[in-house]
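[1] sharing a model prediction with you, sequence too.
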Amino acid sequence: MAARVLGRAGRLAAVVRSSALQLRLHGSAGLRFGSQASFFPPLGDAMLPSGSFNNHVALITGGGTGLGRAMTATLSQLGAQCIIASRKLDILQRTAEEISSQTGNKVHAVQCDVRDPQAVSQCVDQMEALTGLPDVIINNAAGNFVCPSERLSPNAWKTITDIVLNGTAFVTLELGKRLIQNQKGASFLAITTIYAESGSGFVVPSASAKAGVEALYKSLAAEWGRYGHRFNIIQPGPIRTKGAFSRLDPTGAFEKATIDRIPTGRLGTPAEIANLAAYVSSNYASWMSGAVIRFDGGEYVSLAGEFNELRSVTPDQWKILEVMIRNTKGS
Ligand SMILES: CCC/C=C/C=C/C(=O)SCCNC(=O)CCNC(=O)[C@H](O)C(C)(C)COP(=O)(O)OP(=O)(O)OC[C@H]1O[C@@H](n2cnc3c(N)ncnc32)[C@H](O)[C@@H]1OP(=O)(O)O
Ligand SMILES: NC(=O)C1=CN([C@@H]2O[C@H](COP(=O)(O)OP(=O)(O)OC[C@H]3O[C@@H](n4cnc5c(N)ncnc54)[C@H](OP(=O)(O)O)[C@@H]3O)[C@@H](O)[C@H]2O)C=CC1
C-alpha cells in the first residue's frame, strides 16, 4: 500500500511540477483562471445619485488621458465643474470639450507640469480665476516605465520621482495652503498602486515615489483634519490604458500572465475606478480619511500567498495529496 502510494506520489509530484512549469510559462490551462471573470462583470454607469457633485469644483491632474479622464467624466456627469491639468494642452482641450459636450458641465483645461512648483502655483492662480478653489483634488498624474535598476540614469530616477512624489506634494501643498487661508475644506485623493506597499523590481523609482505619496497623504490626514481636509489613497491594480501599458507591458506578455493570477479573472476598467474615486471624493465618504484602498481584483493577495499556485492542482491530484498528508504520522 505504502509503495503504491509512494509510486503515485512520485507521479503526482511530476505532474505538479509540470503544472507549475506550465503555469509559469503559459499561465493556466483555461478552466481554472479567467473563466471566473463572468462572475465579476464590470459595471460602467455612474454609481452615485446624479447631482452628487453639483456646486463642487474638482481638480484632476493628468485628467486628459486614461484613468484621470475616466474620473473626470464621472465627476462631470455627477455635476462637478472640473479642471484637468497636465503638460499637453492639446490633449487636455480635446478631452475637456468631449466631456463637457456629453455632460453639459464645464471642464477647463489648464497646462501644468507638476514637477515645477512655479507652474503649479500659476495653475492654481488660473483655477482660482476660473472656478475658485476646489472641493475635490485628485492627484493622478504619474510617469513610469519598466527598466532594470542598473540601467537607470540619475535623470531617469529624478524624472519619475519628480512627477510622482514632488508633483503630488507641490499640488497638495499649494492648494492646502490656499484652502487653509480661505477656511475651505476639501477632499484630497492620491492614486498610487499596489506595489507602493510591497515594492517592486523594475519599477523602482515609481515604487519609491508612490510609497512616499502614501506617507505624505497618511501624514496630512492626521495633521490637516483640523482644517476640514480629508486625505485618501486608492491603489489600483492593472487597468489597461495606453499610457501605462505601453510603458509597462510593451509586448503584451505581462497582461496575459496578470489575468491568469488575478482571482477575479480580468483587468479592472477605468469606469470602475472612476466610481470608487467619485465615492471617496464625495460627501457620502465625509468620515473617510487616511484610508488606503486596494482596488485590484485580488491581485495583491494572490501574489503574496506562497501556496496560491496550488490553484493548479486538480481534484484528482488533491485526493492523492490528501492521502500522502494523512499518512504522515508524527513529526
Ligand atoms: C500594472 C499594475 C501596476 C501599474 C502601475 C502603473 C503606474 C503608472 O504610473 S502608469 C503611468 C504611465 N504613464 C506615463 O508614464 C505617462 C507620462 N510619461 C512620460 O511622459 C515619459 O514616459 C517619462 C516618464 C519618461 C517622462 O517624459 P520626459 O519627456 O519628461 O522625460 P525624458 O526626457 O523622455 O526622459 C527622462 C529620463 O528618463 C530616461 N528614460 C526615459 N524612458 C526610459 C526607459 N524606457 N528606460 C530607461 N530610461 C528611460 C531618459 O533617457 C532620460 O534620462 P537621461 O537620458 O539620463 O536624460
Ligand atoms: N493603468 C494602470 O494599470 C495603473 C495606473 N496607476 C496609476 O493611475 C494613474 C493614471 O495612470 P494611467 O491613466 O494608467 O496613465 P496615463 O499615462 O494615461 O496618465 C498619466 C497622466 O499623467 C500626466 N502627467 C505625466 N507627467 C506629468 C507632469 N510632469 N505634469 C503633469 N501631468 C503629467 C499625463 O499627461 P501629460 O502627458 O499631458 O502631462 C497623463 O495624463 C497614475 O497615477 C498611475 O500611476 C496605478 C496602477 C495601475
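    Sure thing, it's come through. Ligands and ions are numbered 1, 2, ... in the order given.

[2] quick check: closest non-adjacent residue to the residue of the stretch 101-250 of the chain found nearest ligand 2.
    Residue nearest to ligand 2 within the stretch 101-250 of the chain: residue 243 (1.8 Å; Cβ to the nearest ligand atom). For glycine as for every other residue, the C-beta is placed from the backbone atoms N, C-alpha and C. Once its chain neighbours are removed from consideration, residue 243 has its nearest residue in residue 66; the separation is 4.9 Å (Cβ to Cβ, 6 or more residues apart in numbering).

[3] repeat that for residue 127.
    Nearest residue to residue 127, sequence neighbours excluded (Cβ to Cβ, 6+ apart): residue 83, at 5.3 Å.

[4] count of neighbours near the closest residue to residue 111 other than its chain neighbours?
    Take residue 111 and drop its neighbours on the chain: the residue closest to it by Cβ to Cβ, 6+ apart is residue 89, 4.4 Å away. Applying other Cβ atoms under 10 Å, we find 15 residues neighbouring residue 89.

[5] ok, now which ones touch residue 47?
    The neighbours of residue 47, taking Cβ atoms under 8 Å, 6 or more residues apart in numbering as the test, are 275, 278, 279.

[6] most neighbours, which of those?
    Neighbour counts for those, by other Cβ under 10 Å, peak at residue 278, which reaches 26 neighbours.

[7] what's the separation between that one and residue 234?
    Using Cβ to Cβ, to the nearest Å, one obtains 11 Å as the distance from residue 278 to residue 234.

[8] returning to what we had before: do you know how far the residue nearest to residue 243 is from ligand 2?
    Distance, residue 66 to ligand 2, by Cβ to the nearest ligand atom, to the nearest Å: 2 Å.

[9] that older thread, the residue of the stretch 101-250 of the chain closest to ligand 2 contacts residue 65, doesn't it?
    Yes: under the criterion of Cβ atoms under 8 Å, residue 243 lies in contact with residue 65, with a separation of 5.6 Å.

[10] more neighbours, those two?
    residue 65 (20 against 16).

[11] wait, that one sits on residue 91?
    Yes: shown here, residue 65 and residue 91 form a contact pair, counting by Cβ under 8 Å, at 6.4 Å.

[12] which secondary structure element contains the residue nearest to residue 127?
    Element membership for residue 83 (DSSP states H and E) is strand 81-86.

[13] what's the following helix or strand past that strand packed up against?
    Counting by DSSP H and E, the element after strand 81-86 in chain order, helix or strand, is helix 89-103. Packing partners of helix 89-103 (3 or more Cβ pairs under 8 Å, 6 or more residues apart in numbering; DSSP states H and E): helix 66-77, strand 81-86, strand 107-111.

[14] could these go into CSV alongside mean pLDDT?
    Output for the helices and strands packed on helix 89-103, formatted as CSV (pLDDT from 0 to 100):
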stretch, mean pLDDT
helix 66-77, 98
strand 81-86, 98
strand 107-111, 98
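
[15] now those in TSV, with mean neighbour count?
    Output for the helices and strands packed on helix 89-103, formatted as TSV (neighbours: other Cβ atoms under 10 Å):
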stretch	mean neighbour count
helix 66-77	26
strand 81-86	28
strand 107-111	21
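
[16] with distance to residue 42 added, can I get these in JSON lines?
    Rendered in JSON lines, the data for the helices and strands packed on helix 89-103 read as follows (distance: least, Cβ to Cβ, whole Å):
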{"stretch": "helix 66-77", "distance to residue 42": "12"}
{"stretch": "strand 81-86", "distance to residue 42": "23"}
{"stretch": "strand 107-111", "distance to residue 42": "24"}
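
[17] with respect to ligand 1, which of those lies nearest?
    Between ligand 1 and the helices and strands packed on helix 89-103, the tightest spacing by Cβ to the nearest ligand atom is seen for helix 66-77, at 7.4 Å.

[18] chain center to the closest one: distance?
    Computed by Cα atoms, centre = their mean, to the nearest Å, the separation of helix 66-77 from the middle of its chain amounts to 14 Å.

[19] what residues does that helix touch?
    Where contact means Cβ under 8 Å, 6+ apart, the residues beyond helix 66-77 that reach it are 46, 50, 53, 56, 58, 60-63, 82, 84, 86, 95, 99-100, 102-103, 105, 107, 136, 138, 140-141, 191, 236, 239, 241-244, 270-271, 273-275, 277-278, 281.
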